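[1] Pasting the sequence and the predicted coordinates here, then a few questions.
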Amino acid sequence: MNDKRIPIANIYYLLCYAWDHVEERDIVRLDELDELERVHDLLGKVLAQGIFRLIRRGIDRGYREVREDLASIRGKIAVGETVKRAVRAHGRVVCEFEELSKDVLHNRILRSTLGTLLRLPNLESGVCAEVRSAYTKLNDVRVVRLSRRLFQQVQLDRNRRYYRFLLSVCELIHEQLLVDEITGEVTFSDFRKGRMEKLYEDFIIGFYAREQNQYRINHQGRAIGWFDEGTTDHNRSILPRMEADVILDAPHRRIIMDAKYYRKAFAERFGVKKLHSNNLYQLLAYLRNREATEESGPRHEGILLYPTVDDKVEANVCLEGFWIRARSIDLAQNWRNIHRDMLRLIA
C-alpha cells in the first residue's frame, strides 16, 4: 500500500491515538505539518517543539552522586581515596555528595535522540534548525548511547505524561534509525513501509477507547475462548491463542472488528471482485467461538475495516446468522472526517 498518500498530519494523529497521548497532540500546529512529507521530519519537529515546551514549563531534575576534590567538606569524606591520592597535602579532601541536576536518564535520552537526528543528511532545513536549537538548550545533559534496554530503565510517575510521549517519539526514532558501523552514516527507515498495519490497529483501539462511551472496549484482553467442548485438557493446551483486533461490548450490541491494512480489499478473479476469503473465515471463527463461549446477550456482529486506497469498501453479508460488514476509512481525508466516519461505523 502506498502510505505516502496519507498526510503527515494524519500520521501524527494516528500515533497520538495509538500511544494514548491525544492530549499531547497540540505540541505542534497542524498547519506546520502540511509542509512536511517525510516521517523523520515530523518526528524531529515534534521532539524539538516538545522540548521547547518542557524547558518553558521547567525541565526535570534529579539527584545524582558526585565525587570531587574540594577545599571544604561537602557531604561525606571519601577517606580511603583522600589518603590514597594524598590530596590533603594540597589542602583538599575527596567528598561524596548528591547534586540536583538536569543530567538524568530521561533527559539524556531526549538529547541523545536529537543528536542522532542531526546526523541525518536529509533532515528538512527548518526542522534541522529547531532540532539543533533544542540540542543546544540541553547542553548540560550528557549524550549517551541509546539502546532498547536504556528505554526500559526509565521510570516516570503518572504526572510525567508529557515526558512519556516525548520518550515514545524517541523510541520510535531509535527503532527506525540505521547506523552504518563502518562509515557512521545514519539513515531513517520510514516505518510506513513495514509498521503501518500495527499502527492502524493500535489507532483503532485507542480511538474507540477515547472517543466513545457507549461500548466497553476490550483493549487489554481481546482473547476469544475456543468452543472446545469435549476436548481433553491435554489437547486443549495445544490450541493456538485466538485474539481479535477490537471487541466492542454494550448491553444492546456486540461487535468484533478486524483491522485489515491492505492496499486491495478485494481479490479479483476473472474480472469479478470478491472479499478475501481468509478475512471472512477468520472473522467468522471469532464470531462463532465468542458467541458460544460468552454469556447470553445480543448476537455478535463483525466488521472488516480497511483503509480506502483503490476502492471504497461497503458490503453487508449475513453468514450463519451473523451480520458482517466490510467497510473502509479514508485516512487521506481531513481529520474531522476521519473522526466522523469512525464514530458512524459503530453508531
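    Ah, there it is. Numbers count the residues shown, from 1 in each chain.
[2] Who are the packing partners of the one helix or strand Arg111 maps to?
    Applying DSSP states H and E as the criterion places Arg111 in helix 105-117. Applying 3 or more Cβ pairs under 8 Å, 6 or more residues apart in numbering; DSSP states H and E, one finds that helix 105-117 makes contact with helix 39-57, helix 125-137, helix 148-152, helix 161-176. C-beta here means a position set from N, CA and C on the backbone, and glycine is covered the same way.
[3] same thing but 10 Å
    Judged by 3 or more Cβ pairs under 10 Å, 6 or more residues apart in numbering; DSSP states H and E, helix 105-117 is in contact with helix 39-57, strand 62-70, helix 125-137, helix 148-152, helix 161-176, strand 177-179, strand 186-188.
[4] what angle do that helix and strand 62-70 make?
    If you take axes from the mean of the first three to the mean of the last three Cα atoms, to 10 degrees, helix 105-117 sits at 90 degrees to strand 62-70.
[5] Please save the CA atoms from helix 105-117 in CSV.
    Below are the C-alpha coordinates for helix 105-117, written out as CSV (Å, rounded to 0.1, in the frame of the first residue of the first chain):
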residue,chain,number,x,y,z
LEU,A,105,18.3,9.4,32.3
HIS,A,106,15.1,10.6,30.5
ASN,A,107,16.8,14.0,29.6
ARG,A,108,19.9,12.1,28.3
ILE,A,109,17.6,10.1,26.0
LEU,A,110,16.0,13.3,24.7
ARG,A,111,19.3,15.0,24.0
SER,A,112,20.9,11.9,22.5
THR,A,113,18.0,11.4,20.1
LEU,A,114,18.3,15.0,19.0
GLY,A,115,22.0,14.4,18.4
THR,A,116,21.3,11.3,16.3
LEU,A,117,18.7,13.2,14.2
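[6] Flag every buried residue along stretch 153-172.
    Val154, Tyr162, Tyr163, Arg164, Phe165, Leu166, Leu167, Ser168, Val169, Cys170, Glu171, Leu172 (16 or more other Cβ atoms under 10 Å).
[7] for stretch 125-135, same thing?
    Val127, Cys128, Glu130, Val131, Arg132, Ala134, Tyr135.
[8] picking up where we left off before, with distance to Leu319 added, can I get the helices and strands packed on helix 105-117 in JSON lines?
    Formatted as JSON lines, the helices and strands packed on helix 105-117 follow (distance: least, Cβ to Cβ, whole Å):
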{"stretch": "helix 39-57", "distance to Leu319": "39"}
{"stretch": "strand 62-70", "distance to Leu319": "58"}
{"stretch": "helix 125-137", "distance to Leu319": "50"}
{"stretch": "helix 148-152", "distance to Leu319": "43"}
{"stretch": "helix 161-176", "distance to Leu319": "39"}
{"stretch": "strand 177-179", "distance to Leu319": "45"}
{"stretch": "strand 186-188", "distance to Leu319": "44"}
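[9] In a markdown table, list those along with distance to Arg340 and mean pLDDT.
    Putting the helices and strands packed on helix 105-117 into a markdown table (distance: least, Cβ to Cβ, whole Å; pLDDT from 0 to 100) gives the following:
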| stretch | distance to Arg340 | mean pLDDT |
| --- | --- | --- |
| helix 39-57 | 24 | 93 |
| strand 62-70 | 44 | 83 |
| helix 125-137 | 31 | 96 |
| helix 148-152 | 36 | 94 |
| helix 161-176 | 25 | 93 |
| strand 177-179 | 36 | 81 |
| strand 186-188 | 33 | 83 |
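[10] And the furthest pair within the buried residues of stretch 153-172?
    Greatest spatial distance among the buried residues of stretch 153-172 (Cβ to Cβ): Tyr162 and Leu172, at 16.3 Å.
[11] Glu211 is nearest to which of the helices and strands packed on helix 105-117?
    Nearest of those (Cβ to Cβ): helix 161-176, 18.4 Å.
[12] Quick one: list the elements packing against the host helix or strand of Ala267.
    In this assignment (DSSP H and E), Ala267 forms part of strand 266-269. Judged by 3+ Cβ pairs under 10 Å, 6+ apart, strand 266-269 is in contact with strand 272-275, helix 277-293.
[13] want to throw the ones you listed into TSV with mean pLDDT, distance to Leu239 and mean neighbour count?
    Formatted as TSV, the helices and strands packed on strand 266-269 follow (pLDDT from 0 to 100; distance: least, Cβ to Cβ, whole Å; neighbours: other Cβ atoms under 10 Å):
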stretch	mean pLDDT	distance to Leu239	mean neighbour count
strand 272-275	81	27	12
helix 277-293	92	11	17
